[in-house]
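Undergrad: Build me a structure from this.
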Amino acid sequence: MRFNKITKMITMLTAAAAVALSVPAEDVLAEETVASVYTNEPVSAAQAATRPIAVMMPTDAVAQPSYGISHAKILYEIMEEGNISRQLAVIDDWQGLSKIGNIRSCRAYYIPEATEWDPILVHFGGVVYMKDRITMPDINNLSGTYEYGVGGEAPGAGQFFRSTDRKAPHNAYISASGITKAAGQLGYSLNVRPEYYNAKHFTFAQGVNTLEQYGEAAQTANNINLAGIFPYTKSAFTYDAATGLYKKSIHGKPQVDGANGQQIAFANVIVQYTNWQKLDQKGYLSFQNIDNTSDGYYFTKGKAIHVRWAKTADYAPTVYYDDNGNEIQMNTGKTYIAVAQKGRTISFS
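TA: Just a heads-up that it's a prediction; the model follows:
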């Protein structure tokens, strides 16, 4: 893969530069920059080679705000049982965070979304429907309790901690140092794994993509209302022309990071309509994450276009296409993805 070739070249150049400059190789490596696979922003080669975490975070009103969520370069929101959604935050620059969470349980359909980024999956238990997948050797996960709810291991459970400002189950957290320690104990790589990692996900625009090339097919979308998809959270976005970003709200209020008070915002917003079904009387759901026939919308710079999406395997990236069959050109920055139940409605203006 191109990423591996670049990494090998950087390593060779780094060693030579280190000898010439009489400095540690890791110091030279830290100064090299490449485009982030998540945002297209420049990051150090060392950061680009570091494995992300994918953290299960709640949307419950009593559980707000989450800590570390402003660091999520990719944020998924998907419905769960009880007509309440949950979030999966993909964070690459987690190493300095002292409080990450709060952390909630996982569901089977979050795993195909997570694996395409080759993360360490951080969750607090799960459900029996994820038993067969979460226990497979390729999945590196940390869980504060039995990994599929009614059984399994609890890898790294000793590194989770609870706060006293909230009641369980909304007060479970982990730290970067805890993740590092647990990964070491469990033999998890902290660098992306070449046998699983995809260096290519989104196709980013050269410059800024205003969607003007789509003419009348690009509709005005300064306000995005997802209440028809997530009626409990009423997730919504407001476009801020000054920053070029969509600011997210939840439960009618700005959604902020508890660590810094920062409202989370995204350059790209995607709604990904997905086939789904109810599995049992408890209301547990299943989503068809791997598909090539479903549609949705792409929002950026106050505009929206209709898209189609395809995903061929767990570790394969989800690819989004415009109505001409071309892969969409995403703007540099963070991305929010709503994996939405087919049949639910979205409104924007």
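
Undergrad: where do the strands sit along the stretch 51-200 of the chain?
TA: 53-58, 72-79, 85-91, 100-101, 120-123, 141-143, 161-162, 172-174 (DSSP state E, counting those that start in this stretch).

Undergrad: what comes into contact with the longest one?
TA: I take that to be strand 72-79. Contacts to strand 72-79, defined as Cβ atoms under 8 Å, 6 or more residues apart in numbering, come from residues 36, 38-39, 52, 59, 69, 85-92, 107, 109-110, 113, 117, 229-230, 233, 235, 264, 266, 276, 285, 287, 334-341. To be clear about C-beta, it is placed using only N, CA and C from the backbone, and glycine gets the same treatment.

Undergrad: strand partners of it, parallel vs antiparallel please.
TA: strand 85-91 (antiparallel), strand 335-341 (parallel) (DSSP bridges).

Undergrad: Dump those strands into TSV; add distance to Ala172 and mean neighbour count as well.
TA: Below are these laid out as TSV (distance: least, Cβ to Cβ, whole Å; neighbours: other Cβ atoms under 10 Å):
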stretch	distance to Ala172	mean neighbour count
strand 85-91	14	24
strand 335-341	24	24
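
Undergrad: how about those in JSON lines, adding distance to Val256 and mean pLDDT?
TA: Converted to JSON lines, these look like this (distance: least, Cβ to Cβ, whole Å; pLDDT from 0 to 100):
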{"stretch": "strand 85-91", "distance to Val256": "14", "mean pLDDT": "98"}
{"stretch": "strand 335-341", "distance to Val256": "15", "mean pLDDT": "98"}
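
Undergrad: Looking at those, spot the one closest to Ala176.
TA: In terms of Cβ to Cβ, the element of the strands paired with strand 72-79 nearest to Ala176 is strand 85-91, at 9.7 Å.

Undergrad: mind checking which of the strands of the stretch 51-200 of the chain is nearest Glu216?
TA: Closest to Glu216 of these, according to Cβ to Cβ: strand 72-79, at 29.5 Å.

Undergrad: Now do that closest one against strand 53-58, angle only.
TA: Relative orientation of strand 72-79 and strand 53-58, computed by axes from the mean of the first three to the mean of the last three Cα atoms, to 10 degrees: 40 degrees.

Undergrad: could you give the mean pLDDT of strand 72-79?
TA: Regarding strand 72-79, the rounded mean pLDDT is 98.

Undergrad: And for stretch 238-250?
TA: pLDDT averaged over stretch 238-250 gives 98.

Undergrad: Please apply the same query to stretch 286-295.
TA: If you average the pLDDT over stretch 286-295, you get 92.

Undergrad: what about that stretch, start to end distance?
TA: End-to-end distance of stretch 286-295 (Cα to Cα, to the nearest Å): 18 Å.

Undergrad: got it, and stretch 162-180?
TA: 18 Å.

Undergrad: Having no further points to raise, I will conclude here.
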